[in-house]
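J.: just need the structure, nothing else, for what follows:
(one chain, ligands or ions: 2)
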Amino acid sequence: MLRSIQSSLRRSKNLLPRRGYSSDSAPERKVAVLGAAGGIGQPLALLMKLNPLVSNLALYDIAGTPGVAADVSHVNTRSEVAGYMGEDQLVKALEGCDVVIIPAGVPRKPGMTRDDLFNINAGIVKSLCTAIAKYCPHALVNMISNPVNSTVPIAAEVFKKAGTYDEKKLFGVTMLDVVRAKTFYAGKANVPVEGVNVPVVGGHAGITILPLFSQATPKANNLSDEDITALTKRTQDGGTEVVEAKAGKGSATLSMAYAGAMFADACLKGLNGVPDVVECSFVQSSITELPFFASKVRLGKNGVEEVLGLGPLSDYEKQGLESLKPELKSSIEKGIKFANQS
Ligand SMILES: NC(=O)c1ccc[n+]([C@@H]2O[C@H](COP(=O)([O-])OP(=O)(O)OC[C@H]3O[C@@H](n4cnc5c(N)ncnc54)[C@H](O)[C@@H]3O)[C@@H](O)[C@H]2O)c1
Ligand SMILES: O=C(O)C[C@H](O)C(=O)O
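T.: Ligands and ions are numbered 1, 2, ... in the order given. Predicted coordinates:
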């Protein structure tokens, strides 16, 4: 069973290392999940337990982690698992971490925007990042908590104040947008999804999510302008589609855990010196006039090695890029203001 999960994960996109790159040769890597008892946290903990690049898995939450950790720890894979509960134990969870993944915070209900989560999640992210700055200032931080367009700038400001900010090490996780764009494109273009690539740029909310279907591979000649518009809208509204289908029971958790595990795996591969690891992420950026922007980034031993440019855009995408800038700018500014006033 485990073998079949591992081989299908491997097939799906190298979530696990290739043959010849066994856990024996992989360096020790500690990964913490903050919010590990939640809807995303639990399946993400399981997927990180399946990743042989991880040697120590720290599962932290304000409640419920002893059970999750005991459960996940029985899976017969490389990593040692430990559960940590409550603020007193946060230091132990964070010490020595190479990668910290943050899905802590409240999810949306139908009718809410991601920005409606700001009032609760901004404070949670701020306090967790204050602890990261103290106890594992060199870790790569994978921010999942919404609104990502604001929580990443909050984290950056907290790290700046603590004197630990390294723009190469802070990532807003936008991988779920890429996962969705690939799935929806493959369905519409009628091509096998395994080989599909679609960059998604901008941010992670509504129109700030800009999939670049003009750069999708393999090229599909059977898609009309209307198809591209519909695919773009479906990708932008993917989160809302799940929120509505769950009807008050939260937002995407399983697909997010998959996307989060894929992105963390890419970060670990980069840290371990695997060449040419490129994924989309919301990072400090100068490819537009906005200080943070999602685009393809090359990952390496220090985190972001290179922020890649946007490449050629269609007229439709150029228009989308201009339309998203005011909203993204104001979400970034809201995060910066919050971090500096409270
Ligand atoms: N980036 C993305 O693409 C993406 C996708 C899906 C969801 N999300 C976001 O991820 C977040 C979590 O979603 P979920 O469905 O797992 O929610 P959830 O409510 O199921 O789980 C959140 C967990 O965070 C924990 N938590 C709260 N405060 C904490 C703190 N101070 N320290 C540690 N843990 C704390 C809670 O106890 C809970 O277990 C939400 O903000 C959601 O909007 C982002
Ligand atoms: O839509 C949400 O609120 C959760 C997440 O950002 C998503 O895209 O699924």
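
J.: residue contacts, residue 305?
T.: Residue 305 makes contact with 168, 270, 297-299, according to CB atoms under 8 Å, 6 or more residues apart in numbering. C-betas here are computed from N, CA, C, even on glycine.

J.: recalculate using a threshold of 10 Å.
T.: The contact partners of residue 305, by CB atoms under 10 Å, 6 or more residues apart in numbering, come to 168, 270, 275, 277-278, 297-299.

J.: which among those residues count as buried?
T.: Buried members of the contacts of residue 305, scored by 16 or more other CB atoms under 10 Å, are 168, 270, 277, 297, 299.

J.: once you drop chain neighbours, what's closest to residue 176?
T.: residue 259 (4.0 Å; CB to CB, 6 or more residues apart in numbering).

J.: which ones are touching that neighbour?
T.: Contacts of residue 259 by CB under 10 Å, 6+ apart are 40, 44, 144, 173-180, 252.

J.: can you do 6 Å?
T.: Residues counted as contacts of residue 259 (CB atoms under 6 Å, 6 or more residues apart in numbering) are 175-176, 179.

J.: excluding sequence neighbours, find me the nearest residue to the residue nearest to the spatial centre of the chain.
T.: The chain has residue 173 as the residue nearest its centroid, 2.2 Å off, counting by CA atoms, centre = their mean. Excluding the flanking residues, the one nearest residue 173 by CB to CB, 6+ apart is residue 144, at 4.8 Å.

J.: angles on the backbone of whatever residue of the stretch 101-250 of the chain ends up closest to ligand 2, please.
T.: Per CB to the nearest ligand atom, residue 239 is where the stretch 101-250 of the chain lies closest to ligand 2, at 2.2 Å. Here is the backbone geometry of residue 239 (degrees, to the nearest 10): phi -60, psi -40.

J.: mind listing what it touches?
T.: No contacts exist for residue 239 under CB under 6 Å, 6+ apart.

J.: repeat for residue 135
T.: 91, 94-95.

J.: mind running it again at 8 Å?
T.: Residue 135 touches 90-91, 94-95, 97, counting by CB under 8 Å, 6+ apart.

J.: for residue 255, same thing?
T.: Going by CB under 8 Å, 6+ apart, residue 255 touches 176, 179-180, 242.

J.: what do you get for residue 183?
T.: When contacts are counted by CB under 8 Å, 6+ apart, residue 183 touches residue 193.

J.: what does the chain put close to ligand 1?
T.: Residues of the chain lying near ligand 1 by CB under 6 Å from any ligand atom: 34-35, 37-41, 61-63, 103-108, 117, 121, 124, 128, 144-146, 148, 173, 176, 204, 250-253, 256.

J.: mind checking how far residue 152 is from residue 337?
T.: Here residue 152 is placed at a distance of 14 Å from residue 337 (CB to CB, to the nearest Å).

J.: neighbour count: those two, which is higher?
T.: residue 152 (30 against 14; other CB atoms under 10 Å).
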